[in-house]
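Participant: after the sequence you'll find the predicted model.
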Amino acid sequence: MTGSFLAWLLPLLVGGALSYGMTSVLLSRMQNLALDVPNHRSMHSDPVPRTGGWALLAGCGLGLAVGPASFPLPVYISFFLLLAVSAIDDVRHVAARVRFATQLIAAILIVLSLPRGVDWWWLPFLVLAGSWMINLYNFMDGMDGFAGSMTVIGFLSLGLACFFAGDLELAGVCALFVVCTVIFLRFNWPPARIFMGDAGSTGIGLAVFAVSVFGWQREAFQLWFPIIVFSPFWVDASFTLLRRVATGQRWWEAHREHLYQRLALRIGVRKTLHLQLALMVAASSVAFAFVALTAA
């Protein structure tokens, strides 16, 4: 086994404590910073700060800093670049070309850091997949408790797979994201008091991609495992994007035409969230069922 899970106890505690404390400060002392003012595309009616991702990822960052995990330097650089640009975008608008270029660079840095390398024909596919995961997490962060729930269930599933495969280092990383996101959900559950924001959604999207490809390379799971686990997100985002392109709409503009948004407008946010939670659990169950079948 790689790493000791007990060595993650302190990182989980300090990471969770920082996430909780920082979120509390952002809500009590800096509640007017980076407000998400509702418009005709929004699912909320009152201004809400979009700084929750700052606290969530700060906790994850501190936990990684004091924990036993070690990754190549380009991995840390990729997160720093992406989070810096996304945090600025939370406060003031950043041009789309700058954001897309940063996301592309972040995905490239992750791919180039893989421990065993990949054949050249894998490179464009993986870079595209990484860029898409960053973007789709941002697209799907449009309803209270939604992106946070996918993060908890997704990383819990990846973490369990890594744990049973003996990769306790990646399992600890997943546990850290679960803990910090559960704390975020304490404030983001409907009606949300704080949003994840661009920094949170893009940062978690990059983390999902990084853990997925590193876990695949380290043989903790097959590549199809995270694809199934996170299918409630990428299927909705991909279908909606393709439909908007096919119908000649401005696909790059903000909207509320995702399947989950259309459902929420019909039956309400809470009922939609409960249905989506059931779908997420079902997707993870299917992924583990396939693991059991292939191992038999």
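Facilitator: That came through fine. Residues are numbered from 1 along each chain as shown.

Participant: tell me the contacts of the residue most central in space within the chain?
Facilitator: Nearest to the centroid of the C-alpha atoms of the chain, with distances taken as CA atoms, centre = their mean, sits residue 204, at 2.9 Å. The contact partners of residue 204, by CB atoms under 8 Å, 6 or more residues apart in numbering, come to 53, 56, 57, 137, 147, 151, 177, 181, 196. From N, CA and C alone the C-beta is placed, and that goes for glycine too.

Participant: wouldn't the fourth one be in contact with residue 230 here?
Facilitator: Think residue 137. No. Using CB atoms under 8 Å, residue 137 is not in contact with residue 230, being 9.1 Å away.

Participant: any shared contact partners between the two?
Facilitator: Joint contacts of residue 137 and residue 230 (CB under 8 Å, 6+ apart) are residue 208.

Participant: any weak-confidence spans in the stretch 1-150 of the chain?
Facilitator: Applying pLDDT under 70 to the stretch 1-150 of the chain picks out residues 1-3, 5, 40.

Participant: now the strands for it?
Facilitator: Residue ranges of the strands in the stretch 1-150 of the chain, as given by DSSP state E, counting those that start in this stretch, are 35-36, 48-49.

Participant: who are the packing partners of the last one?
Facilitator: Helices and strands touching strand 48-49, by 3 or more CB pairs under 8 Å, 6 or more residues apart in numbering; DSSP states H and E, are strand 35-36.

Participant: only the buried residues of the helix ranked longest in the chain, if you could.
Facilitator: Longest helix of the chain, by residue count under DSSP state H: helix 269-295. Across helix 269-295, burial judged by 16 or more other CB atoms under 10 Å covers 269, 272, 273, 276, 277, 279, 280, 283, 284, 287, 288, 291.

Participant: any chance of TSV for the residues you listed, columns pLDDT and distance to residue 23?
Facilitator: Formatted as TSV, the buried residues of helix 269-295 follow (pLDDT from 0 to 100; distance: CB to CB, whole Å):
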residue	pLDDT	distance to residue 23
269	95	21
272	97	24
273	98	20
276	98	23
277	98	22
279	98	27
280	98	23
283	98	28
284	98	26
287	98	30
288	98	32
291	96	35
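
Participant: from the residues you listed, which is closest to residue 155?
Facilitator: residue 284 (10.7 Å; CB to CB).

Participant: now that closest one, nearest residue through space, not along the chain?
Facilitator: Using CB to CB, 6 or more residues apart in numbering and skipping the chain neighbours, the partner closest in space to residue 284 is residue 157 (4.3 Å).

Participant: likewise for residue 234?
Facilitator: Using CB to CB, 6+ apart, the closest residue to residue 234 is residue 136 (5.7 Å).

Participant: all helices of the stretch 1-150 of the chain, in order?
Facilitator: 9-28, 52-66, 73-91, 96-112, 122-140, 146-165 (DSSP state H, counting those that start in this stretch).

Participant: number of nearby residues for residue 253?
Facilitator: Neighbourhood size, residue 253 [other CB atoms under 10 Å]: 8.

Participant: if you compare the strands of the stretch 1-150 of the chain, which one is most tucked away?
Facilitator: strand 48-49 (a mean of 23; mean count of other CB atoms under 10 Å).

Participant: quick one: strands adjacent to it?
Facilitator: Its sheet considered, strand 48-49 pairs with strand 35-36 (antiparallel) by DSSP bridges.

Participant: quick one: contacts of the partner strand?
Facilitator: 42, 44, 47, 48, 49, 50, 195, 197.

Participant: tell me who's in contact with the last one.
Facilitator: Residues near residue 197 by CB under 8 Å, 6+ apart: 34, 36, 50, 51, 52, 53, 54, 86, 87, 90.

Participant: so which of those comes closest to residue 225?
Facilitator: When these are compared against residue 225 (criterion: CB to CB), the nearest one is residue 53, at 25.4 Å.
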